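A.B. asks: Fold the following and give me the result.
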Amino acid sequence: MISGETSGQSSSPKKFFFCKGKNGLCLVVCLCLLLVTQLFIRVLPVGASDTLLMFVGEDLEVLSLASRREEAAWKAPAIADVITKSAIDNNQNATLADLMGKSAGFYINERESGSVPYLRGIPDSALFLYDTVPMGSAAGKSHHNIDNETSLAAIKRVEIIRGAGSVLWGPDAFAGVVNIVPLTGKDFQGAETGAGFSSGKDTRWAYLNAGKDQGNWNAFASLSAKDSRGEEDNFNVISFWNDDETPTSPDDRYGEGSPGKSHYYELYSSITLNEWLTLSTRLSDSKKVYAVSDSAGDYTWEETRSSPTQTFKLEASKATGINSGIRFTGYYSDNNASLDIIDKKFDSSERSLYGELIYDQALLTDNGLLTTGASWRQNTFRDLLVWKSFFPDYLSDKNTYFLPLFETTDYENTLTSFFGQYRHKFTDIELWAGLRNDDQNYLENKLSYSAGLAWDFFPNFMFKAIYGTAYRTPSATQVLEGSNSQLEEIKSANAQLAWKSGTQKKASLTIFRNAIDNHTIEDHYSGAGLSTPNKQTIYGVELEWEFPLTAAVSLSGNLTLLGNHGPNENYNYGRYYYEDDNGDIQEGFFQTLDYAYDAGADTLANLAVDWQLTKNITLIPTLRYVSEANLHYIYEESPTLPAQVITVTSPDVWLMDIHLKTENLFPFSVDVFIKNLWDKEYVTPGQYTLTSGNSFSAGVMVKMKW
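C.D. replies: Reported below is the predicted structural model:
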């Protein structure tokens, strides 16, 4: 048993100062003044900027991630996918994690505390945005809020880019970017209510959407709520932290309890004036309660993760000439998170203030498009939790003296960025190149770049080749240990051959290679700290298809195959103090541990059938395959013997979901769905041990428009 000499102490409350100086405020003021100058000194008709819009036509797969403006995904300068509103409606009671798990390149690890996304074999490598504002935690890399924390009731579409995206989106757009686009008053008018129930964890939810379009202004609002009971398994550790100096006595430490209820609330609203100014607000409050077990299954305890967030955003755009336009985006986000472990609460906070100005200029008789921009962001982190000990070891009844070591850390980082991208269209080839410089006061300055081509070489065929670089910011552990001098960087090469005929027939084959330098991960399995920086190479193939079989039946799906080449992850695992078999306290020692790089599942497949039984009834069965995945953890047979790295494997699994969708049969619509139809028992890598996957569940959803 590993034992700490002293318990960690959280930092004392600090007075919060968002701006350390006047530089950030001055820059924001200057950006606003420049925007106002362009808007009111040089006012032009709204339609003057139409030449800057990329042609979309009847294509429903529209995205704005690739060039910061709406355009057809087919021609966008990126390996891009779009999950449309219709596809979202075909996945009732789904979460963002569920949608990602059915997308090419994504493996979703169902962990107790929340889903962890792997994109192209790299964990926590996608930047998740809600209306272009980063979601989740910037310091806790595995906290993405892609489960029930984010409601899909107000969502218009989900945009996905696979490949490095730092040129336009900055830090952490590492292996890809996902943007959730909410509805507006232009998209939805009137009111809609919905309510549903699922047998899985007795989940209940309801929402209300309302929208109005008055021509010169439009508005939209959505309110949603969901609750569910905790895990089925009871926990046996009911008290531990005692007086924050010594652990609770074994006589009072153990008992029996069951996790409480989880809840998720969200409010989103937006208003747009004269099609140039948009104000939006997103408020959410989530509390997830779950049980966690140690690697041997001897001890199980309750944890609660709460994350109330608020985001306020302003967007403005205006034409400055026949072939030019200017756009401004600014937001403030606030995340006050808390983590309850048994009977102790750990509070932390993250604040972000952001301003961005983008200028577009069409050149060379509209065959070229230059996009340039500047942005400023200040992130402030308070009381971030960093473990210095392996927590489960301290729960043993042999430990009567020590609490696990932990520290909290604070830091601020100001990021000033200048970026640009130029696209040029020839007869049937479009070329582009982009560059971004990020100047940071606390972290390493970085230069990101990208280049590519799209070749429409034959009717209905498109070939894309893209190369780009990106980097990601450090975790709290890296900051505390001073390991943030060299940031992790990726070099991403992609080639795609795509075919499309109309809106219902399409297929694509994508090959990729990601080379990572200064790869460092925080060992969430063992608490051993940080791995020694190394290099990894991940390569793979993605195949996607969609086509009709008959007038009433269509087939869609994807297949992802990937591999990895690189050294093992190495850790310097340190014991502090421990109690030997005679009850004496002995000084610990350090040892080097290693295990293979964790790429998640290396084979992923999804197959869906859309069968229109009648004009008003549609049946949508979905089949998923996830190959085996490994979990590595530290095992100590005795406190006097060296620790070992144990690798266990979660077997591959086939899962079937079914969704029956009805429309216009009644004054309301009814959706019936079943998840894990075969009630397949399967396990996935958890926090410290393999954990059970979601079992059979059935539910119903009722929606009505007013």
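
A.B. asks: Low-confidence regions, the stretch 601-706 of the chain specifically.
C.D. replies: For the stretch 601-706 of the chain, applying pLDDT under 70 flags the ranges 636-641.

A.B. asks: To clarify, my last question referred to the stretch 351-500 of the chain.
C.D. replies: For the stretch 351-500 of the chain, the ranges with pLDDT under 70 are 482-485.

A.B. asks: where do the strands sit along it?
C.D. replies: Secondary structure of the stretch 351-500 of the chain by DSSP state E, counting those that start in this stretch: the strands cover 368-387, 406-425, 429-440, 446-458, 461-472, 488-501.

A.B. asks: from the chain's centre, how far out does the fourth one sit?
C.D. replies: This means strand 446-458. 25 Å (C-alpha atoms, centre = their mean, to the nearest Å).

A.B. asks: quick one: contacts of that strand?
C.D. replies: 75, 77, 164, 166-167, 171, 421, 428-438, 440, 462-471, 487, 489 (C-beta atoms under 8 Å, 6 or more residues apart in numbering). Any C-beta I mention is one placed from the backbone N, CA and C, and that applies to glycine too.

A.B. asks: could you measure S228 against Y635, distance?
C.D. replies: Distance from S228 to Y635, counting by C-beta to C-beta, to the nearest Å: 33 Å.

A.B. asks: L530 now?
C.D. replies: 20 Å.

A.B. asks: more neighbours, these two?
C.D. replies: Legend: neighbour count by other C-beta atoms under 10 Å for L530 and Y635, higher for L530 (19 against 11).

A.B. asks: Make sure the more buried one is actually in contact with L480.
C.D. replies: No. If you go by C-beta atoms under 8 Å, L530 and L480 don't touch, sitting 9.7 Å apart.

A.B. asks: Quick one: residues contacting the residue of the chain most remote from its centre.
C.D. replies: Distance from the centre of the chain peaks at N582, with 48.7 Å (C-alpha atoms, centre = their mean). Counting by C-beta under 8 Å, 6+ apart, N582 makes contact with nothing.

A.B. asks: Surely it is within a helix?
C.D. replies: No. Counting by DSSP: H, G, I helix; E, B strand; the rest coil, N582 is not part of a helix but coil.

A.B. asks: Number the residues from 650 up from this point.
C.D. replies: That works, and once the first residue is 650, the last one we named lands at N1231.

A.B. asks: Need the pLDDT of it.
C.D. replies: For N1231, the model assigns a pLDDT of 70.

A.B. asks: And for M784?
C.D. replies: 91.

A.B. asks: so it makes contact with A775?
C.D. replies: No. Look at M784 against A775 with C-beta under 8 Å: they stay out of range, at 10.5 Å.

A.B. asks: could you flag which of the contacts of strand 1095-1107 are buried?
C.D. replies: 724, 726, 813, 815-816, 820, 1070, 1079-1083, 1085, 1087, 1089, 1111, 1113, 1115-1120, 1136, 1138 (16 or more other C-beta atoms under 10 Å).

A.B. asks: Partner strands of the helix or strand where F1161 lies and their direction?
C.D. replies: Assigning secondary structure by DSSP states H and E places F1161 in strand 1154-1168. Strand pairing for strand 1154-1168, determined by DSSP bridges: strand 1137-1150 (antiparallel), strand 1183-1197 (antiparallel).

A.B. asks: what residues does the longest one touch?
C.D. replies: With C-beta under 8 Å, 6+ apart as the contact definition, strand 1183-1197 has outside contacts at 730, 753-754, 769-771, 811, 1153-1166, 1168, 1203-1216, 1218-1219, 1246, 1248.

A.B. asks: quick one: T969 from A1011, how far?
C.D. replies: 12 Å.

A.B. asks: check contacts around S987.
C.D. replies: 953-956, 994-997.

A.B. asks: Just give me the closest of these to L1146.
C.D. replies: Lowest distance from L1146 to the contacts of S987 (C-beta to C-beta) belongs to S956, with 41.5 Å.

A.B. asks: number of nearby residues for that closest one?
C.D. replies: Other residues close to S956 by other C-beta under 10 Å number 23.

A.B. asks: Show the pLDDT at it.
C.D. replies: Reported pLDDT for S956: 90.

A.B. asks: Please, which helix or strand holds the closest residue to it other than its chain neighbours?
C.D. replies: Nearest residue to S956, sequence neighbours excluded (C-beta to C-beta, 6 or more residues apart in numbering): A986, at 4.8 Å. In the assignment (DSSP H and E), A986 maps to strand 973-990.

A.B. asks: No further questions, thank you.
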